[in-house]
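J.: Structure of the sequence below:
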Amino acid sequence: MNTGSRARLRVVLDTNVLIAAFTNPLAGIPFQIWRNAVDRRYTLLISPAIVDEFAAVLRRKFSWDDFEILPQVKLLARVAEIITPKIVLTMIAEDDADNRILECAVAGQADLIVSGDNHLRRLKAFRGMGIIRPVDFHRTLGL
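T.: Okay, here's the model as predicted:
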């Protein structure tokens, strides 16, 4: 991880990592990764499309109401740097939402993408950005 006078690591967390962190607080690697974003150990990058998917998954799969989702979305927006991609990618045909992760990473000049998703991870890297599992990013942070 970059330290000292160098810029912090710029990282896009896939929605599956964010969902795991927010639905299982105080436990597990995704939550620890999120806490390190809150503590500014790295720069978390998100886009409006990632926020939309995050909210939709909480609503659809976890039956959260909007009054439960809105504070989490606001927290996410306060912690992260919001990136508005101007590009459209179609690298992953199996899950178009994964392309939104790549778009955010490219537009935000990310160093890493952290994902538990096989569609993304099978790329291993994209335009010079590594794509790694949460457990590997956890180790990168020295946790």
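J.: Return the residues in contact with R59.
T.: Going by Cβ atoms under 8 Å, 6 or more residues apart in numbering, R59 touches D65, D66, I69. For every residue, glycine as well, the C-beta is placed using N, CA and C.
J.: For the buried ones among these, write the corresponding ChimeraX selection.
T.: Selecting in ChimeraX just the buried members of the contacts of R59, where the criterion is 16 or more other Cβ atoms under 10 Å, is done with this command:
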select :69
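J.: Let me see the ranges of the strands in the chain.
T.: Using DSSP state E, the strands of the chain run over 10-13, 43-46, 81-82, 112-114, 125-126, 129-132.
J.: For L102, which of these is the nearest?
T.: When those are ranked by distance to L102, counting by Cβ to Cβ, first place goes to strand 125-126 at 5.8 Å.
J.: Tell me which strands that closest one pairs with, and in which orientation.
T.: Using DSSP bridges, the neighbouring strands of strand 125-126 in the sheet come out as strand 129-132 (antiparallel).
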